[in-house]
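Visitor: Predicted model and sequence below, questions to follow.
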Amino acid sequence: MRCQGSRLAQRGRAVTDQKLPAKIIAEDARTEQAAEKQNEALARLRWRWTLDESNPDRVSIRAYARDVGRADRTIGAQARGYANWSASPGARTLSEWIERAKMTGEKAEIVEAVAEANAVTFKHAASQYAPDVGRVRDAVEKAVERQPEMTADDKVAYAKHTAQTIARSKAADAKRRTERAAQRSVMFMRIDAKLAHARRDLRDVLEFGRDLGLGDDEIEDVKQALAKIKSFTDLIDMALTGSMDVDWDAELTKIGDF
């Protein structure tokens, strides 16, 4: 039973953020590199037997896909992606060219505009910036409705301008949120310090009230002051919870001076 309990405890051990062993990091890099080479070899093979015009025995993408049991879209994207990648070395990775080849020319241009505006890879823009891609596409479509004579280059330029505008707007919003969070942190520390001071003062009142044996009139005055403090803390609670229908000046006037 002890052994079983020990094994269960090990299985339930919390995941930590400790650094991976060096050998695991190296193994990950080797495995990823091997996968990239395998992907490159597969893409080259599919390009060689479909789009490589120097190969007299090449077949159509549809025939290749049929014979290997894969979708036309998969074979076509890898073959076209490899062709573009080999023609533009260093422009982007093979996997990105393949991702780009899965899209129509117009959508690819829009994703490209979003990637450029946000300084991310094409693949990352396609998977993580879908809302931005949708906004740019909608903006381009509306622009074409207004100006049917827009050329393909005009559409690309408009997409880039729109993507940059969206990216700048998001960056400005993020900056404002960060600044507001910083301001809230500073204000919280100030409030916390004042509340700590008030707690210390009230603790002193407790100690004095317990030990001094005040007279009836003095006790009544203290009770009235405590009632005002209670009203004040109620106002603070309403302020913190965002109550809107409060005439703060009128409420403060009711409480009066302590």
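Guide: Looks like it came in fine.

Visitor: Let's test this: mean pLDDT of the strand or helix carrying R168, rounded?
Guide: R168 belongs to helix 152-212 when assigned by DSSP states H and E. Helix 152-212 carries an average pLDDT of 87.

Visitor: Distance of A101 relative to M150?
Guide: 25 Å (C-beta to C-beta, to the nearest Å). In this view, the C-beta of every residue, glycine as well, is placed from N, C-alpha and C.

Visitor: Between those two, which has more neighbouring residues?
Guide: A101 (20 against 16; other C-beta atoms under 10 Å).

Visitor: From the contact counts, what lies against whichever strand or helix holds D221?
Guide: Using DSSP H and E, D221 falls within helix 216-240. Here helix 216-240 touches helix 248-255, going by 3 or more C-beta pairs under 8 Å, 6 or more residues apart in numbering; DSSP states H and E.

Visitor: Contacts for stretch 101-115 next, please.
Guide: Under the criterion C-beta atoms under 8 Å, 6 or more residues apart in numbering, residues 73, 76-78, 80-81, 84, 100, 121-122, 124-126, 129, 132-133, 136-137, 140, 155-156, 159-160, 162-164, 166-167 lie in contact with stretch 101-115.

Visitor: Which among those residues count as buried?
Guide: Using 16 or more other C-beta atoms under 10 Å as the burial test, the contacts of stretch 101-115 include 76-78, 80-81, 84, 100, 121-122, 125-126, 129, 132-133, 136-137, 140, 155-156, 159-160, 162-164, 166-167 as buried.

Visitor: about what we covered before: which strands and helices lie in contact with the helix holding R168?
Guide: helix 105-118, helix 130-146.

Visitor: 10 Å instead?
Guide: helix 105-118, helix 130-146, helix 216-240 (3 or more C-beta pairs under 10 Å, 6 or more residues apart in numbering; DSSP states H and E).

Visitor: hey, which of the ones you listed is tucked in deepest?
Guide: Ranked by mean neighbour count under mean count of other C-beta atoms under 10 Å, those are led by helix 105-118, which reaches a mean of 20.

Visitor: Quick check: S95 vs W85, distance?
Guide: 9 Å.

Visitor: Neighbour count: these two, which is higher?
Guide: A side-by-side neighbour count of S95 and W85, using other C-beta under 10 Å, places W85 first with 24 against 17.

Visitor: which sections of this protein are below the confidence cut-off?
Guide: 1-15, 91, 244, 257-258 (pLDDT under 70).

Visitor: can I see the domain layout of it?
Guide: The record's domain parsing of the chain by automatic domain parsing lists 30-102, 104-184, 185-255.

Visitor: And those: which comes nearest K23?
Guide: domain 30-102 (10.4 Å; C-beta to C-beta).

Visitor: gap between the closest one and the chain center?
Guide: From the chain centre to the centre of domain 30-102 is a distance of 32 Å (C-alpha atoms, centre = their mean, to the nearest Å).

Visitor: Check which helices and strands the particular helix or strand that has I24 in it sits against.
Guide: Per DSSP H and E: I24 is located in helix 22-48. Helix 22-48 is packed against helix 61-68, helix 72-87, helix 94-101, with contacts defined by 3+ C-beta pairs under 10 Å, 6+ apart.

Visitor: The same query, at a cut-off of 8 Å, please.
Guide: Checking 3+ C-beta pairs under 8 Å, 6+ apart, helix 22-48 ends up next to helix 72-87, helix 94-101.

Visitor: so which of the ones you listed comes closest to Q18?
Guide: Using C-beta to C-beta, the nearest of the helices and strands packed on helix 22-48 to Q18 is helix 94-101, at 30.4 Å.

Visitor: between that closest one and helix 105-118, how big is the angle?
Guide: 130 degrees (axes from the mean of the first three to the mean of the last three C-alpha atoms, to 10 degrees).

Visitor: For A41, give its distance to A108.
Guide: 25 Å.

Visitor: Run through who's touching stretch 72-86.
Guide: 40, 42-44, 46-47, 50-51, 61-62, 64-65, 68, 91-95, 97-102.

Visitor: For these, which ChimeraX command selects only the ones that are buried?
Guide: Buried residues within these, by 16+ other C-beta under 10 Å, are selected in ChimeraX with:
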select :40,43,44,46,47,50,51,61,64,65,92,93,94,95,97,98,99,100,101,102
